[in-house]
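Colleague: Dropping a prediction and its sequence here:
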Amino acid sequence: MRAPQPKIQGIFLAFLGFAFFATHDALIKTLGGTYSVFQIIFFTTLLSFVPMTVVMLADRKVDNFLPHHPWLILLRSGLMIAAMSGTFYAFANLPMAEVYSILFTVPLFITVLSVPLLGETVRAQRWAAVGIGLVGVIVVLRPGSTELTLAHGAALIGAFSGALSNILVRKVGKSERSAVMILYPMLLSVIAMAAVMPQVYVPPTLGHLGMMAAVAILSVIAQHMIIAAYRAAPAALVAPSQYSQIIWATLFGALFFNETPDIYVGIGASIIILSGVFVVWRESREDVSDRNPVLRTPNMRVDTGPSTRPKPLTPEGMPPAPGAHQAASGSEV
């Protein structure tokens with residue numbers, strides 16, 4: 001049985017990693033008041049190449065960067081661009097707590113998409129959790145009583161695109177290398193954003209360039225902290241820690257953006273979080289899910305590839321026997 005200390009360390013790393021992600025989002029919101037979301041994505045992705053190149057060069061298993069599934073890699077890259085664009089735009093134009101409430105639907109979308117795309121069996125309890133979570137979204141958005149803006153739609157597009165991208169990782173992750181899954185979306189993001197840059201470009205100040213570099217660095221550090229968390233503690237303990245971001249969103253919103261979530265956002269977010277935690281709990285039971293599509297998604301954002309997903313653990317906390325989970329799921333890396 002796993003010793004208690006690694007579990008505590010893993011949970012601590014998870015909370016710290018998601019705190020870094022929340023800081024990352026607060027910086028995006030700050031930058032969004034001055035720059036187009038496309039310019040922010042261009043510079044932050046470009047600046048991410050430095051730390052990510054170091055990580056990829058350290059992987060001595062990489063012999064080339066040719067994808068085995070070029071069309072699926074291209075599709076996933078497009079989904080990642082859509083997810084980033086929608087999420088960044090939402091953070092720039094909506095209260096942080098409201099954006100997180102919508103992004104918390106990613107596990108629910110993954111549950112739904114895993115049925116036709118992964119062949120996952122979803123029983124009545126998880127379908128009920130999905131339905132309850134969608135009720136929470138309606139409570140947050142309150143259609144008919146509040147004005148629904150383009151930013152709300154962008155957040156939903158970001159959540160759905162991120163969920164579909166994560167599903168694609170599980171479809172191709174067995175045969176694609178981590179470096180390929182990381183490199184191509186980054187390259188295509190820079191190319192796509194560069195194409196629209198002449199229409200949206202605003203000369204950045206040195207301070208804002210520093211903030212964009214901070215966004216890039218925080219993203220890499222936070223992702224690797226969450227990877228370490230999943231290696232140290234069971235997924236069922238680590239996964240719910242992503243919901244701690246609502247606390248940081250409320251704090252940052254109040255301190256820096258004069259935002260105070262109303263009662264409906266609080267109620268809706270609570271409903272969505274509870275439904276998401278229930279889905280995680282159900283998937284953690286060995287007799288419920290072979291593929292664990294939600295538990296194997298370390299972050300509600302777009303999964304960056306196989307390197308971000310630790311090997312699944314047995315209930316006793318030990319790595320499974322070789323081939324055991326692969327035979328069940330067909331999607332293990």
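Modeller: Cool, got the structure.
Colleague: ranges for the helices of the stretch 1-150 of the chain?
Modeller: With DSSP state H, counting those that start in this stretch as the criterion, the stretch 1-150 of the chain has helices at 4-32, 37-58, 70-93, 96-103, 106-118, 124-141, 150-172.
Colleague: Could you list every helix and strand in contact with the fifth one?
Modeller: Contact here means 3 or more C-beta pairs under 8 Å, 6 or more residues apart in numbering; DSSP states H and E; on that basis helix 106-118 packs against helix 124-141, helix 150-172, helix 263-283. Using the backbone N, CA and C atoms, a C-beta is placed for each residue, glycine as well.
Colleague: got TSV for the helices of the stretch 1-150 of the chain, with distance to Leu218 too?
Modeller: Formatted as TSV, the helices of the stretch 1-150 of the chain follow (distance: least, C-beta to C-beta, whole Å):
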stretch	distance to Leu218
helix 4-32	4
helix 37-58	10
helix 70-93	14
helix 96-103	15
helix 106-118	20
helix 124-141	26
helix 150-172	18
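Colleague: Check the ones you listed for me and report the most buried one.
Modeller: helix 96-103 (a mean of 28; mean count of other C-beta atoms under 10 Å).
Colleague: need the least confident one among the helices of the stretch 1-150 of the chain, by mean pLDDT.
Modeller: If you rank those by mean pLDDT, helix 37-58 sits at the bottom with a mean of 83.
Colleague: which other residues reach it?
Modeller: With C-beta atoms under 8 Å, 6 or more residues apart in numbering as the test, helix 37-58 has contacts from 28, 31-32, 62, 81, 84-85, 88-89, 92, 178-179, 182-183, 186, 189-190, 193-194, 196-197, 200-202, 204, 209, 212-213, 215-217, 219-220, 307.
Colleague: next one: stretch 248-261
Modeller: Stretch 248-261 has contacts (C-beta under 8 Å, 6+ apart) with 18-19, 22-23, 25-26, 29-30, 95-100, 269.
Colleague: Find the nearest non-adjacent residue to Val202, please.
Modeller: Tyr35 (5.5 Å; C-beta to C-beta, 6 or more residues apart in numbering).
Colleague: Oh, that last question was meant for Leu113, not what I typed.
Modeller: Excluding its sequence neighbours, the residue lying closest to Leu113 (C-beta to C-beta, 6+ apart) is Ile167, at 4.9 Å.
Colleague: wait, what's in contact with the one you found?
Modeller: By C-beta under 8 Å, 6+ apart, the residues touching Ile167 are Ile110, Leu113, Ser114, Leu117, Leu118, Pro293.
Colleague: that older thread, hmm, which two among the contacts of stretch 248-261 are most spread apart?
Modeller: Within the contacts of stretch 248-261, two members stand farthest from each other by C-beta to C-beta: Thr30 and Ala269, at 22.4 Å.
Colleague: I'd like the distance between Ala249 and Phe256.
Modeller: Distance, Ala249 to Phe256, using C-beta to C-beta, to the nearest Å: 11 Å.
Colleague: re the thing from before, for ChimeraX, write a command that selects the buried ones of the contacts of helix 37-58.
Modeller: Buried subset of those, written as a ChimeraX selection, criterion 16 or more other C-beta atoms under 10 Å:
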select :28,31,32,81,84,85,88,89,92,178,179,182,183,186,189,190,193,204,212,213,215,216,217,219,220,307
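Colleague: Among the contacts of helix 37-58, name the ones in helices.
Modeller: The helices, defined by DSSP state H, take in 28, 31-32, 81, 84-85, 88-89, 92, 178-179, 182-183, 186, 189-190, 193-194, 196-197, 200, 209, 212-213, 215-217, 219-220 from these.
Colleague: Okay, Ala97 and Leu255: tell me how far apart.
Modeller: 13 Å.
Colleague: just Arg123 next, same as before
Modeller: From Arg123 across to Leu255, the span is 43 Å (C-beta to C-beta).
Colleague: cool, Leu66 as well?
Modeller: Separation of Leu66 from Leu255 (C-beta to C-beta) stands at 47 Å.
Colleague: do Gly207 as well
Modeller: In terms of C-beta to C-beta, Gly207 sits 19 Å off from Leu255.
Colleague: what sits against Tyr243?
Modeller: Applying C-beta under 8 Å, 6+ apart to Tyr243 gives the contacts Phe104, Ile273, Gly276, Val277.
Colleague: one more time with 7 Å, if that's ok
Modeller: Tyr243 makes contacts with Phe104, Ile273, Gly276, as judged by C-beta atoms under 7 Å, 6 or more residues apart in numbering.
Colleague: How about Val280?
Modeller: So Val280 contacts Pro107, Ala236, Ala239, Pro240, Val294, Leu295 (C-beta under 7 Å, 6+ apart).
Colleague: Out of those, which comes closest to His224?
Modeller: Ala239 (17.0 Å).
Colleague: would you say Val294 is within a strand?
Modeller: No. Counting by DSSP: H, G, I helix; E, B strand; the rest coil, Val294 is located in no strand; its state is coil.
Colleague: need the contact list for the residue nearest to it when sequence neighbours are not counted.
Modeller: Residue nearest to Val294 in three dimensions, not counting chain neighbours: Pro107, with 4.5 Å by C-beta to C-beta, 6+ apart. Taking C-beta under 7 Å, 6+ apart as the contact definition, Pro107 lies against Gly276, Val279, Val280, Val294.
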